[in-house]
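Colleague: sequence and computational prediction follow.
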Amino acid sequence: MIQIFDLTKKFGTFTAVDRVTLTVPKGSLYGFLGPNGAGKTTTLRMIAGILRPTEGRVLIGGDDVVENALAAKTRLGFIPDRPFVYDKLTGSEFLRFVAGLYGQDGPVVERRVDELLDVFELATWKNELIESYSHGMRQKLIISSALIHRPEVIVVDEPMVGLDPRAARLLKDLFRGFVQRGGTVLMSTHTLEIAEALCDQMAIIQGGRILAAGAMADLRRQHDAGDLGLEDLFLRLTGGTEGMQIKQVLEG
Amino acid sequence: MKQPGLTHVLTPKWRTILTRARQERASGGRGKMVTLAVVGVIFWAVVFGVLFRVLRYFRNTEEIGALLAGKLLGILLLSFASILLLSNIITALSSYFLAKDLDLLVSSPVDNLRIYLAKLLETVIASSWMVALMAVPIFAAYGIVYGGGWLFALYAPALFLPSLIMPAVIGVAVTTILVNVFPARRTRDLLSIIALGAAAGVILLFRVIRPEQLARPEGFRNLLDFITVLRTPTSPFLPSEWVARSVMSYLTGPPDWLSVYLVWSSAAAFVVMGAWLHGRLFPTGYTRAQEGAERFVRGGFWAWSLDWLLRPLGAARREFVLKDLRLFFRDTTQWSQLILLAALVFVYLFNIRALPLFRGERVPFFLVSVVSFLNLGMAGFVLAAIAARFVFPAVSLEGRQMWLLRSSPLDLRALLWSKYWVGTLPLLVLALLITVLTNLLLRATPFMMGVGVGTIVLLTLAISAMALSFGTLYPQFETENAAQIPTSFGGLVFMMATIALLAIVIVIESVPMYGYLRAAFEQRPMRVTPALVGAFALAAAVCLAATVLPLRVALRRMEEYEF
């Protein structure tokens, strides 16, 4: 379970995240949606303990990310949007290294490494340097690394970018399976079809503030949206009036 | 189609530089600029001062004075040309084949000539700015000593500029050919080894020929032979020789316009030939540059042994140390610096060996002890330079992966601990090697050996901690090249702080040293006095404080990092 209370992040005079309060229940897949620059990545990075909040609190499984950082982070697996990893390690060395960061080693980790590399079809690449991996392969490796220590909560930023259709499908199944086994996933994405099909609940953020939150039916009800799809609802809430402009640009 | 101008192609570069300068000013970087300017001016003043004295001495030497000055300038310019050639070869690899803006440039309808010229300009600036700055006090000293007048201030740069362009064109051509033979990343590895091997070779050669012997008058047997050698140019085809001849003829008259013509026309011809070669080889070279680097790793036995050895450290620390070692030894640009390091240590020991201490009848005990003591400062400085290169960048190099370290439950103390010991242990081995060997070469007494070993161990612990701490306080997260990180402002501050520490420790320890030498001089045994114990205790306390405090500051700073 993730609980966020009045979370605020300021960069100088600019407020990137403005008093966000959110609860992601245990055993749910929660979508975090918003246009570019809305504050999604900043929020997720605060939840992961990479950025310090200016104000507010984040609890993961009841542990405060700032006050009780190590306990909170032990429960967490974080998947960033940009796959920066150590180029000069091999895939299996990288996974072993990440397991070490969580205090895990030995035969259990070795089995887990093989298992994850198998699942993500990286087994044949496991002894090759990461610098020879493609973008998608790096993304799959990072996803594997987030699962290596069997986290309770996964926080994932744009997971589908760079993945081939097989891997994207695999990831969707994996997240659903993870949630069914009692895990919690908070996922930011721009792919609204995926969010609509996959997420139990979602929140839409813009300008650092939550515009709407809840299950799809709740969102429709809150905003008198009838049977509007998520894409139309999203555009209505975030002021998507670019249609006319696109036409102008194309017709020149 | 109208082609964009060179300045337009280079817009992102110069705009980035301007924005960085503006951001620096906005974030209160004035102090930083002032410090850099002061250090730069001091450096210039020292170079100018030394050369001014040498040239004034030459000027007052009849017959051979001007010849010597011309020869010296020729040697300096030839050294610059060699440095520039190496640096251009390496820079060209990044700017022409690995830079991030190349995809955009190559995919846009900009012709090859413009890409070549824009990148040539970028390469010349990136690889030559330091040499150009270094040349300022040198030409200034020549101009002032030989009364060149204010026109010389225009003449010298106009003559020097083409000698920056020629090595750049050659460097780009060599790199373009190499990239057509090997993949770019493999070429980078190859070049780092060649460049550092060459640099180490030059240092060793220069030292082993013992240039100090030239200062001995008994070395000159025949003055006429000497003058004949001086009058002959090193090679009539070397552009550095044309520049030297042209400068000296301008200063001592009559001006040699043929050399000026030769320098400029050669530079222009070089650019034309370079552009032709680029047009022929760049497309295939750039394609090859996209090919991957090394894919497989070796060294299973070492990995297994280290894994076993580090087992008692626990999972997190062990994996961290292993990771750092793997990254270091798999990155050619990193480990190849060890070649240069070995050459420097050899030169250091050679210098001690070459000291004229044991030439007389009696071994000068006083001199040996003082050299052995002051050697601590020199050894400390060498260790600081090595720490700046290997320990200072440690935290910066984690920048891009910090998301992983900060989102995991890794205790930052473990991270700092690993970084500290991975850097300190090799440094400690090196420190002991240098100190013990130099003291053995100096035939120092057991007391001096004890003081030397004890002090250098404490200094190494402190220097390493300071390097790590200053690297954390002044991180360079955006720089991917570890070799560039120590040349930042933080690296300069670290070196200044280390010199201060060395000075403090040496001043404190000079008290018991004085007592020791005095006792030896008066031929009485040395007494253990409170002043002696107090001085050593104070030196140890200073070193320990310089170890613990910086590490604490580093830890606090790391906790505040945001990504």
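Modeller: Looks like it arrived, so ask away.

Colleague: for chain A, what helix or strand is lowest in average pLDDT?
Modeller: Across the helices and strands of chain A, mean confidence by mean pLDDT, DSSP states H and E is lowest for helix A:242-251: a mean of 63.

Colleague: count of neighbours near A:Ile148?
Modeller: By other CB atoms under 10 Å in any protein chain shown, the residues close to A:Ile148 number 23. Every residue, glycine included, has its C-beta placed from N, CA and C.

Colleague: so in that sheet, which strands flank the helix or strand hosting A:Gly77, and in what orientation?
Modeller: With elements taken from DSSP states H and E, the one containing A:Gly77 is strand A:76-79. Strand pairing for strand A:76-79, using DSSP bridges, gives strand A:153-157 (parallel).

Colleague: buried stuff in the next helix or strand after the strand it pairs with?
Modeller: Sequence-wise, the next helix or strand downstream of strand A:153-157 (DSSP H and E) is helix A:165-180. With burial defined by 16 or more other CB atoms under 10 Å in any protein chain shown, the residues of helix A:165-180 counted as buried are A:167-168, A:170-172, A:174-175, A:178-179.

Colleague: find the closest residue to chain B in chain A.
Modeller: Nearest residue of chain A to chain B: A:Gly100, at 2.8 Å (CB to the nearest CB).

Colleague: tell me the secondary structure of the closest residue in space to that residue that isn't next to it in sequence, please.
Modeller: If you skip the residues right next to it in sequence, A:Gly100 has B:Glu319 as its closest partner in space, 2.8 Å away by CB to CB, 6 or more residues apart in numbering or on different chains. Going by DSSP: H, G, I helix; E, B strand; the rest coil, the secondary structure assigned to B:Glu319 is helix.

Colleague: over to B:Pro409?
Modeller: coil.

Colleague: now the strand holding A:Gly77: mean pLDDT?
Modeller: When pLDDT is averaged along strand A:76-79, the result is 91.

Colleague: now it - C-alpha only, PDB.
Modeller: Taking Å, rounded to 0.1, in the frame of the first residue of the first chain, the C-alpha atoms of strand A:76-79 are listed here in PDB:
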ATOM      1  CA  LEU A  76       9.900  -1.200  -3.100                       C
ATOM      2  CA  GLY A  77      10.900  -1.900  -6.700                       C
ATOM      3  CA  PHE A  78      11.400   1.100  -8.900                       C
ATOM      4  CA  ILE A  79      11.500   1.100 -12.700                       C
END
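
Colleague: export the buried residues of helix A:165-180 as a markdown table, with columns for distance to chain B.
Modeller: Output for the buried residues of helix A:165-180, formatted as a markdown table (distance: CB to the nearest CB, whole Å):
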| residue | distance to chain B |
| --- | --- |
| A:Ala167 | 20 |
| A:Ala168 | 22 |
| A:Leu170 | 22 |
| A:Leu171 | 19 |
| A:Lys172 | 23 |
| A:Leu174 | 19 |
| A:Phe175 | 18 |
| A:Phe178 | 17 |
| A:Val179 | 20 |
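
Colleague: where does pLDDT dip in the chain?
Modeller: Using chain A here. For chain A, the stretches with pLDDT under 70 are A:240-249, A:251-252.

Colleague: let's do chain B instead
Modeller: Along chain B, segments meeting pLDDT under 70 span B:1, B:28-29, B:63, B:184-188, B:203-235, B:291-300, B:356-364, B:480-481, B:563.
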